[in-house]
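Peer 1: Structure, please.
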Amino acid sequence: MSGIYARRIAVAAATVALAVTGLITAPSAQAALPTPVSAATARTYLASLTVATEGSTTGYSRDLFPHWITQSGSCDTREVVLKRDGTNVVQSSTCSATSGSWYSEYDGATWTAASDLDIDHMVPLAEA
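Peer 2: Okay, here's the model as predicted:
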């Protein structure tokens, strides 16, 4: 299996796992995480995925996806996510996070500078 197929299967599996555990629709990062499904149930869900051959990216253009769109007032998506997912986040009058802390469930690291954080897609735009 080529690296690109393995990566896409991993992305699909992660997306299913998030959907199954309810993280995609969780009200906020401060909410308690739901109880994960059993390994057997997760394997059943993964086994039901259809793996297709690589398709064409003809028609995909990054320009079709605005970088950060305005959500409210002068706050764009990045600033909304930083506020939502941080603790004790203070924002400037232009909505930029000036202080706070952000915890990563993935590796247990905590950051205190918003500029050190990347806000990114769980699924690559070209794949979506």
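Peer 1: for the protein, what helix or strand is lowest in average pLDDT?
Peer 2: Taking mean pLDDT, DSSP states H and E as the measure, the helix or strand of the chain with the lowest value is helix 3-21, at a mean of 50.
Peer 1: With just CA atoms, put whichever helix or strand comes after it into CSV.
Peer 2: For helix 3-21, the following helix or strand on the C-terminal side (DSSP states H and E) is helix 39-47. The C-alpha trace of helix 39-47 is given here as CSV (Å, rounded to 0.1, in the frame of the first residue of the first chain):
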residue,chain,number,x,y,z
ALA,A,39,-11.9,-1.2,20.5
ALA,A,40,-14.1,-3.9,19.0
THR,A,41,-16.8,-1.3,18.1
ALA,A,42,-14.1,1.0,16.6
ARG,A,43,-12.8,-1.9,14.5
THR,A,44,-16.3,-2.6,13.3
TYR,A,45,-16.7,1.0,12.3
LEU,A,46,-13.3,1.0,10.5
ALA,A,47,-14.0,-2.2,8.7
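Peer 1: helices or strands up against helix 39-47?
Peer 2: helix 3-21 (3 or more CB pairs under 8 Å, 6 or more residues apart in numbering; DSSP states H and E). C-beta: built from backbone N, CA, C; applies to glycine.
Peer 1: What is the burial count for Trp111?
Peer 2: Trp111: 14 surrounding residues under other CB atoms under 10 Å.
Peer 1: Contacts only, for it.
Peer 2: 101-102, 104, 117 (CB atoms under 8 Å, 6 or more residues apart in numbering).
Peer 1: How about Leu117?
Peer 2: Per CB under 8 Å, 6+ apart, neighbours of Leu117: 82, 102, 111.
Peer 1: Which ones among these map onto strands?
Peer 2: 102, 111 (DSSP state E).
Peer 1: With just CA atoms, put stretch 116-128 into PDB.
Peer 2: Output of stretch 116-128 as PDB, limited to C-alpha atoms (Å, rounded to 0.1, in the frame of the first residue of the first chain):
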ATOM      1  CA  ASP A 116       2.900  29.300  18.800                       C
ATOM      2  CA  LEU A 117      -0.400  27.500  17.800                       C
ATOM      3  CA  ASP A 118      -1.500  26.300  14.400                       C
ATOM      4  CA  ILE A 119      -5.200  26.000  13.700                       C
ATOM      5  CA  ASP A 120      -5.700  23.500  10.900                       C
ATOM      6  CA  HIS A 121      -8.000  21.100   9.200                       C
ATOM      7  CA  MET A 122      -8.600  17.500  10.400                       C
ATOM      8  CA  VAL A 123      -9.100  16.500   6.800                       C
ATOM      9  CA  PRO A 124      -7.100  18.200   4.000                       C
ATOM     10  CA  LEU A 125      -9.300  20.500   1.900                       C
ATOM     11  CA  ALA A 126      -8.400  18.700  -1.300                       C
ATOM     12  CA  GLU A 127      -9.700  15.500   0.300                       C
ATOM     13  CA  ALA A 128     -12.900  17.100   1.600                       C
END
